[in-house]
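> starting from these lines, generate the structure:
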Amino acid sequence: MRRSLLRRWLLRPLGLARNLDLTYNPQKESMAFISKDTPCYFFTTVTNSRLPIFRTDEFKQILCTAYDEARRSGNFSIHAFCVMPDHSHIVTGGELSPSNTLRYLNGISARRIVDKLKSEPKYLPSLHKLKVQARGDHKYSVWQHHPNTYIITSERMMMQKVNYMHKNPVEAGLAEAMEDFRFSSARYWLRKPILNDEPLAVDMKTIDWRA
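Residues are numbered from 1 along each chain as shown. Coordinates of the predicted model:
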């Protein structure tokens, strides 16, 4: 009996989400169930050659800020995220197709990262590693070209992906507990105290939870 109740609590930690003002844009009124008709998308994007671009907090924050810019430009929601040294996980929702959502996420973040690498001489060796040949000229590729996209059509699937991404830093030895890792949405989902300077707020209130 206890195991059953605990399992239900872990799978449905957002039962109080309607009462929490955690969305980055309180003027949003569109609410949606997670279903086959209104799915969410789980993206895993890996850096070019798995370079640890996001090893430092500075570059993790650049990525989070770029994701927020992409969210506003593309008018979609970010429900959960986690930034690892050589890849990122993110769950989005909205009316955009997966390819268009990725165009905003990866396009804007790549530009912001390359701009930062170009801004200081100490970053030039890292910038050089991202250089690729393109039609006789050079350009820079931050991300691998084939990100992993998973369509989320139920609340149970959502919880599986969210728990998976939030466990990543712990399993990689980057944090002792999920909520201790600064650059993820674990504190929101676990209903832990939110930092005054959270790297990226998430749109939990835009989901109309059945539970």
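> going by C-alpha atoms from here, please, whenever you check contacts or count neighbours.
Will do.
> so for the residue nearest to residue 210 when sequence neighbours are not counted, what's the pLDDT?
Leaving aside its chain neighbours, residue 210 sits nearest to residue 33 (7.5 Å; criterion: C-alpha to C-alpha, 6 or more residues apart in numbering). Residue 33 carries a pLDDT value of 84.
> with residue 20 instead?
35.
> now do the helix ranked longest in the chain: which elements does it pack against?
If each helix of the chain is counted by residues according to DSSP state H, the longest one is helix 98-119. Packed against helix 98-119 by the contact rule (3 or more C-alpha pairs under 8 Å, 6 or more residues apart in numbering; DSSP states H and E) you find helix 57-74, helix 124-129.
> buried ones in that helix, by neighbour count?
Within helix 98-119, the residues scored as buried using 16 or more other C-alpha atoms under 10 Å are 98, 101-102, 104-110, 112-114, 117.
> what angle do that helix and helix 57-74 make?
With axes from the mean of the first three to the mean of the last three C-alpha atoms, to 10 degrees defining the directions, helix 98-119 sits at 140 degrees from helix 57-74.
> contacts for helix 98-119 next, please.
Under the contact criterion C-alpha atoms under 8 Å, 6 or more residues apart in numbering, helix 98-119 has outside partners 41, 59, 62-63, 66-67, 69-71, 73-74, 76, 123-124, 126-127, 140-143, 149.
> mind running it again at 6 Å?
Helix 98-119 is contacted by residues 63, 66-67, 70, 123, 127, 142 when judged by C-alpha atoms under 6 Å, 6 or more residues apart in numbering.
> can you put those residues in CSV and add distance to residue 178, pLDDT and neighbour count?
Compiled in CSV, those are given as follows (distance: C-alpha to C-alpha, whole Å; pLDDT from 0 to 100; neighbours: other C-alpha atoms under 10 Å):
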residue, distance to residue 178, pLDDT, neighbour count
63, 19, 98, 26
66, 23, 98, 23
67, 21, 98, 22
70, 25, 98, 23
123, 30, 93, 13
127, 31, 92, 20
142, 27, 96, 24
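> Throw those into a markdown table and include distance to residue 179, thanks.
Output for the contacts of helix 98-119, formatted as a markdown table (distance: C-alpha to C-alpha, whole Å):
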| residue | distance to residue 179 |
| --- | --- |
| 63 | 19 |
| 66 | 22 |
| 67 | 20 |
| 70 | 25 |
| 123 | 30 |
| 127 | 32 |
| 142 | 28 |
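> report the two of the residues you listed separated the most.
70 and 123 (24.1 Å; C-alpha to C-alpha).
> give me the below-cutoff pLDDT ranges for this structure.
1-30, 133-138, 211 (pLDDT under 70).
> quick one: the helices in it?
Going by DSSP H, the chain shows helices at 2-11, 57-74, 98-119, 124-129, 155-171, 186-189.
> now for the second one, which elements pack on it?
Using 3 or more C-alpha pairs under 6 Å, 6 or more residues apart in numbering; DSSP states H and E as the contact criterion, the elements in contact with helix 57-74 are helix 98-119.
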